[in-house]
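In: just coords:
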Ligand code: AR6
């Protein structure tokens, strides 16, 4: 089941929140900043024990003061114009998050629009990748995982809605 909502990811009632982190896992601006500021210092402490995450990879932590049980931190690619393997790396982010969801038997997850803020990945293309990887995951989704895309701004929300209708309703 897929839902597209407009709003703030940190207030979602959901088992796992995905964070658009950076390689250092030490927090930053955007959704990363929002997640760390609500989760509190213990999240930063756990991230420090992990130390590093490669672009396209994903790691799991607890969610501390957030309403969720887990945060899945993934590092999206910085957009350099498209010739730097950006599309593949963004696909990997989604695949690796879904791998953790499968492994940990997580039943609900909320995603932000990874890489489309500070990292400047074009929203249209990023949304195609997010929804395509989601559709692949759902083909083998025996546990009926709930997937929520939380769009922070109106434009991202409209892009997700349009593309969702194209990709999921027409097969
Ligand atoms: N809830 C949901 N979406 C949000 C929120 C929120 N609270 N805040 C921002 N967004 P970004 P990136 C949207 O910049 O492009 C950080 O400094 C935002 O409008 O958060 O992957 C990290 O430490 C956009 O649509 O992540 C990295 O250094 C989307 O989330 C770097 O930014 C992603 O924007 C990662 O950049």
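Out: Sure, I can see it. Just so it is clear, the model here is predicted, and its values are computed rather than measured.
In: Is stretch 61-77 in proximity to the ligand?
Out: Yes: contact between stretch 61-77 and the ligand, assessed by Cβ under 6 Å from any ligand atom, occurs at residue 76. C-betas here are computed from N, CA, C, even on glycine.
In: How about stretch 85-94, which residues are buried there?
Out: Under the neighbour-count criterion of 16 or more other Cβ atoms under 10 Å, stretch 85-94 has 86-87, 89-94 buried.
In: Pipe these into a markdown table and attach distance to the ligand, secondary structure and pLDDT per row.
Out: What follows is the buried residues of stretch 85-94, written out as a markdown table (distance: Cβ to the nearest ligand atom, whole Å; DSSP: H, G, I helix; E, B strand; the rest coil; pLDDT from 0 to 100):
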| residue | distance to the ligand | secondary structure | pLDDT |
| --- | --- | --- | --- |
| 86 | 12 | helix | 98 |
| 87 | 15 | helix | 98 |
| 89 | 11 | helix | 98 |
| 90 | 9 | helix | 99 |
| 91 | 14 | helix | 98 |
| 92 | 14 | helix | 98 |
| 93 | 9 | helix | 99 |
| 94 | 13 | helix | 98 |
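In: Around the ligand, pick out the residues from this structure.
Out: 8-10, 20-22, 28-32, 34, 76, 112-119, 150, 152-153, 156.
In: Filter these down to the ones in helices?
Out: If you go by DSSP state H, the residues of the chain next to the ligand have 30-32, 34, 156 in helices.
In: okay, among those residues, which ones form the most distant pair?
Out: 32 and 156 (16.5 Å; Cβ to Cβ).
In: quick one: secondary structure of residue 103?
Out: Assigned with DSSP: H, G, I helix; E, B strand; the rest coil, residue 103 falls in the helix class.
In: what's the neighbour count on it?
Out: For residue 103, the neighbour count with other Cβ atoms under 10 Å is 9.
In: Looks to me like residue 3 is in a helix.
Out: No: Residue 3 is assigned strand when assessed by three-state DSSP, not a helix.
In: How many neighbouring residues does the residue nearest to it when sequence neighbours are not counted have?
Out: Leaving out its chain neighbours, the residue that sits closest to residue 3 by Cβ to Cβ, 6 or more residues apart in numbering is residue 148, at 4.6 Å. Neighbour count of residue 148, defined by other Cβ under 10 Å: 20.
In: Equivalent analysis for residue 50, please.
Out: So residue 50, with other Cβ under 10 Å, has 12 neighbours.
In: Now do it against residue 57, distance only.
Out: Per Cβ to Cβ, to the nearest Å, residue 50 is found 11 Å from residue 57.
In: Sweet, I'm off.
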